[in-house]
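**Student:** Requesting a structural model of the entry that follows:
(one chain, ligands or ions: 1)
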Amino acid sequence: MTKAIGLRVGVVGCGYWGSKHIRVLHALESVDSIAAIDPNPDRAIQLARHYPGIESYQDLDAALPYLDAVIIATPPSTHKPLALKAIAAGVHVMVEKPLATSAADARVMIAAAEAKNVVLMVGHTFEFHSAVWQLRQMVQNKELGDLYYLDTARLNLGLYQNDCNVLFDLAPHDVSILNFVLGAKPVSVECWSSRHANSRLEDVGYLRLHYQDPDVTANVHVSWLDPCKVRRVTMVGSQKMVIFNDLATEERIKVHDKGVSEAPTFGQDLTQPPMSYRYGDVVAPYLEMNEPLMVEDQHFTDCVISGMKPLTGGENGLGVVEVLECAQRAATEGRRVSLSELQPIGELL
Ligand SMILES: NC(=O)c1ccc[n+]([C@@H]2O[C@H](COP(=O)([O-])OP(=O)(O)OC[C@H]3O[C@@H](n4cnc5c(N)ncnc54)[C@H](O)[C@@H]3O)[C@@H](O)[C@H]2O)c1
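**Tutor:** Modelled structure (predicted):
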């Protein structure tokens, strides 16, 4: 049962990312107590050293009677069964990205949460990032002119996962950023992916997302097999171009007042260059400093307490999973896949 304030929150999966949630929850006034839930007893021992007073459990069933809400930060294939267990117990749930490993599973989770009237939120951390809010504002205010294309790169050497390929591990971030910034879902997806160092799971992927409104294409490059760490979003418009470099310590967004257009003599005088270039200022807008994970977890507890709908609710999570599933199918079948192919038959009638 939800209390007016002071929630009892469990973190299911206390590895790399779950331990960050525990640190953040510790700082929130809306949280009374935290339970660490992980079958690996070493995790609980390590966390108890940093956060005395934390309760620990080796499985979710044992913890559920003492919880108002859980954050699920386990490998993606476990998201659906763990979330359904918590929902069945009337406990509010936030699930790390990706919400599920198939659109059908995500729909089951959404329906279960609706039936039990509990919050279902997905941890699309970048939708709580002030730089991404700035990108969205620039697109919505048409500050770049006509949007020509978007491009994202999320590359590094590792971290290889056991449970899913690079598409399901890294691309959820980029797809969530793109859907949020454009305020739309793509209508179709193309994808090329390949396995190199790992014989079972794809470690390099290139996705192309086709949006209809706005009518624009976004290219997404994800890799666990690259010598350089890159976390970049580029948006190119007819008036301006913008780069969000999430690895920069400051000036993470740079707006380039640059443009290119066909020269007036194009096609007539072959001795003249075909294009004319405009070079202007580079501006780094002020960004509010906040930790996106802190904003996200605060929002989750606010939703649990107030009953408000989360900004990244189940439908938002489903939107990203649909793109990932289409990307996987596109890579396997070597063709462009429409999101409408995934809709349940009832919705198409
Ligand atoms: N939002 C982000 O920026 C972000 C960043 C990294 C990871 N993630 C997501 O967080 C999740 C976890 O990733 P990670 O890198 O922390 O993985 P990890 O391997 O470091 O940790 C996973 C933990 O889950 C535990 N676990 C496995 N099955 C369990 C079960 N049934 N019940 C309880 N615990 C269980 C494991 O023992 C392990 O401690 C993934 O969904 C990943 O995509 C999100």
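
**Student:** what's the pLDDT at Gln343?
**Tutor:** For Gln343, the pLDDT comes out at 76.

**Student:** Ala327 sits in which helix or strand?
**Tutor:** Secondary-structure assignment from DSSP states H and E places Ala327 in helix 314-333.

**Student:** hmm, I was thinking of Ala184
**Tutor:** Using DSSP H and E, Ala184 is not contained in any helix or strand.

**Student:** Not counting sequence-adjacent ones, nearest residue to Ser176?
**Tutor:** His124 (4.0 Å; C-beta to C-beta, 6 or more residues apart in numbering). (C-beta placed from N, C-alpha, C; glycine too.)

**Student:** what about the one you found, distance to the ligand?
**Tutor:** 7 Å (C-beta to the nearest ligand atom, to the nearest Å).

**Student:** Show the backbone phi and psi for that residue.
**Tutor:** Dihedral pair for His124: phi -90, psi 80, per degrees, to the nearest 10.

**Student:** Can you check the pLDDT for the residue in the chain positioned nearest to the ligand?
**Tutor:** Relative to the ligand, the nearest point of the chain is Gly15 (2.0 Å; C-beta to the nearest ligand atom). Here, the pLDDT recorded for Gly15 equals 96.

**Student:** wait, isn't it in contact with Arg43?
**Tutor:** Yes - Gly15 lies in contact with Arg43 (C-beta atoms under 8 Å); the separation is 6.9 Å.

**Student:** who has more neighbours, those two?
**Tutor:** Arg43 (21 against 13; other C-beta atoms under 10 Å).

**Student:** got the residues of the protein near the ligand?
**Tutor:** Selection of the chain residues close to the ligand by C-beta under 6 Å from any ligand atom yields 12-18, 37-40, 43, 60, 73-76, 78, 82, 96-97, 123, 125.

**Student:** Where does pLDDT dip in the stretch 201-349 of the chain?
**Tutor:** Applying pLDDT under 70 to the stretch 201-349 of the chain flags the ranges 266, 345-349.

**Student:** cutoff 80 now
**Tutor:** For the stretch 201-349 of the chain, the stretches flagged by pLDDT under 80 are 264-270, 343-349.

**Student:** Show the residue spans covered by the strands in it.
**Tutor:** Using DSSP state E, counting those that start in this stretch, the strands of the stretch 201-349 of the chain run over residues 204-211, 216-223, 225-237, 241-245, 253-262, 275-283, 337-338.

**Student:** Let's have those in JSON lines, adding mean neighbour count and distance to Arg136.
**Tutor:** Below are the strands of the stretch 201-349 of the chain laid out as JSON lines (neighbours: other C-beta atoms under 10 Å; distance: least, C-beta to C-beta, whole Å):
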{"stretch": "strand 204-211", "mean neighbour count": "21", "distance to Arg136": "14"}
{"stretch": "strand 216-223", "mean neighbour count": "22", "distance to Arg136": "14"}
{"stretch": "strand 225-237", "mean neighbour count": "17", "distance to Arg136": "10"}
{"stretch": "strand 241-245", "mean neighbour count": "20", "distance to Arg136": "11"}
{"stretch": "strand 253-262", "mean neighbour count": "16", "distance to Arg136": "12"}
{"stretch": "strand 275-283", "mean neighbour count": "11", "distance to Arg136": "17"}
{"stretch": "strand 337-338", "mean neighbour count": "18", "distance to Arg136": "25"}
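
**Student:** Mind putting the ones you listed into JSON lines with distance to Met294?
**Tutor:** As requested, the strands of the stretch 201-349 of the chain are arranged in JSON lines below (distance: least, C-beta to C-beta, whole Å):
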{"stretch": "strand 204-211", "distance to Met294": "29"}
{"stretch": "strand 216-223", "distance to Met294": "26"}
{"stretch": "strand 225-237", "distance to Met294": "19"}
{"stretch": "strand 241-245", "distance to Met294": "20"}
{"stretch": "strand 253-262", "distance to Met294": "20"}
{"stretch": "strand 275-283", "distance to Met294": "27"}
{"stretch": "strand 337-338", "distance to Met294": "37"}
